[in-house]
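Engineer: Quick one, fold the following:
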Amino acid sequence: MAVAFVKEESAEAAAETVLPERAISPHPNLVTEAGLKLLERQLAEAREAYDAANTIGDVNERRRQTANPGRDIRYYAARIGSARVTPAPTSVDAVAFGSTVTFERNDGRVQTYRIVGEDEADPTAGTLSFASPIGRALTGKAVGDVVNVNGQEIEITAIA
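Structural biologist: A predicted model of the protein is given here:
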């Protein structure tokens, strides 16, 4: 009976360690230089977490604790491998990858974002992915252009 219990526990532990892979975007993996450094830092942190968890003596707990960082290692390694560092735009005539764009929404809000890669996008920090609905709508547009995103008009007021 003790053996059956151990096997059941092992089966449960194994099920807990089989995590779905992190989704890889179908879009080109454009990154800024800072974005590539961010990916490299995240990979290093995942490796550190994996190495620390790998020292746990209990095999079932070790499997549980290495599952997330192991998945992150695979994800970040793949993203670094496919990364295409894209230089900052040389013109402010139109919104491009790396541009900082200010726009006004039809409700009067004025917002400024830098268009960056998917893995480095953080709207709360002022960055939007080029593949996001707003990023796609703004790309190629000039100051004064109005775009419609999800039923809301957005007018570009500045590009830097």
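
Engineer: Give me the domain ranges for the protein.
Structural biologist: As assigned by automatic domain parsing, the chain contains the domains 27-86, 100-159.

Engineer: Redo these as a markdown table? Include mean pLDDT.
Structural biologist: Output for those, formatted as a markdown table (pLDDT from 0 to 100):
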| stretch | mean pLDDT |
| --- | --- |
| domain 27-86 | 97 |
| domain 100-159 | 97 |
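
Engineer: Adding distance to residue 93 and mean neighbour count, write these out as JSON lines.
Structural biologist: In this view, the C-beta of every residue, glycine as well, is placed from N, C-alpha and C. Below are the domains of the chain laid out as JSON lines (distance: least, Cβ to Cβ, whole Å; neighbours: other Cβ atoms under 10 Å):
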{"stretch": "domain 27-86", "distance to residue 93": "17", "mean neighbour count": "16"}
{"stretch": "domain 100-159", "distance to residue 93": "6", "mean neighbour count": "16"}
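
Engineer: could these go into a markdown table alongside distance to residue 92?
Structural biologist: Below are the domains of the chain laid out as a markdown table (distance: least, Cβ to Cβ, whole Å):
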| stretch | distance to residue 92 |
| --- | --- |
| domain 27-86 | 16 |
| domain 100-159 | 5 |
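
Engineer: residue nearest the centroid of the protein?
Structural biologist: By Cα atoms, centre = their mean, the chain has its centre lying nearest to residue 119, at 2.3 Å.
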